[in-house]
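Peer 1: Below is the structure, and that's it, no one-letter string:
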């Protein structure tokens, strides 16, 4: 099943014509993915492009194949002037007492007069509401992104926000208990003039408490983009893959300078 899913994702990526791809939950081989190296798969698909991978989850002190390395990958058809990592607030506890995710912004700076900054994110999902790490992370994302914008750069922040980005509702019969982690993006956190770019028709993630059945599993839109005021959103489309190879659907957007 893991191999089937990898082949499906690989085939989709090979047909994609996007200039830049931002990917989350990319993993080196370990017991959690039956020893499959997804970074190596991406290297093969994008051998002619710039690609950066950095693990946000690392079980340190444990050798492979038992060591876990999971993070974000950014692929660019353009020659970047730099690739940086910027820290985000962390959850105050360790998973299984062994590791915790070192949340970071994966930042791609492109060359040229248009001065694009692309920020690849994957925010917390299961933080308690009384701690609300997601809100802390959003505030830090926009502090960093606003600084980039103030420098005259065009900023696109995209990825898995783990927060509902659109008001669209889709039919389902999932009991409420499985939506314990679901929250809506806090609109008061959005800086003035910044814009959310999310598909209003097609959901991007399904709840994974059971095998997927349309209209049974709850589906929501948590994947998308937020852009600075000097960026025009030309289109944003989620591709309905029926969650065949992942619990997420991919989102493609087109932007140009404003």
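Peer 2: On my side now, so go ahead. Since this is a predicted model, take the numbers as computed values, not measurements.
Peer 1: Could I get the buried residue list for the longest helix that the chain contains?
Peer 2: In the chain, assigned by DSSP state H, the helix with the most residues is helix 133-150. Buried residues in helix 133-150, counting neighbours by 16 or more other CB atoms under 10 Å, are found at 133-138, 140-142, 144-145, 148-149. Where C-beta positions appear, they are placed from N, C-alpha and C, glycine not excepted.
Peer 1: same thing with stretch 111-126?
Peer 2: 115-125.
Peer 1: so of the residues you listed, which ones are in strands?
Peer 2: Residues of the buried residues of stretch 111-126 located in strands (DSSP state E): 116-122.
Peer 1: Give me the pLDDT for residue 96.
Peer 2: At residue 96, the predicted lDDT confidence score is 57.
Peer 1: oh sorry, the question was meant for residue 142
Peer 2: pLDDT at residue 142 comes out at 98.
Peer 1: who's in contact with it?
Peer 2: Listed by CB atoms under 8 Å, 6 or more residues apart in numbering, the contact set of residue 142 reads 189-191, 194.
Peer 1: Just want to check the distance between it and residue 190.
Peer 2: Residue 142 is 8 Å from residue 190, where distance means CB to CB, to the nearest Å.
Peer 1: same deal with residue 144?
Peer 2: 15 Å.
Peer 1: Residue 151 now?
Peer 2: For residue 151 relative to residue 190 (CB to CB), the value is 20 Å.
Peer 1: Ok, residue 184 next?
Peer 2: 12 Å.
Peer 1: Quick one: the strands in the protein, in order.
Peer 2: Going by DSSP E, the chain shows strands at 20-27, 50-58, 69-76, 80-87, 104-110, 116-122, 154-160, 195-197, 205-206, 219-220, 223-227, 231-238, 251-257.
Peer 1: All set, thanks.
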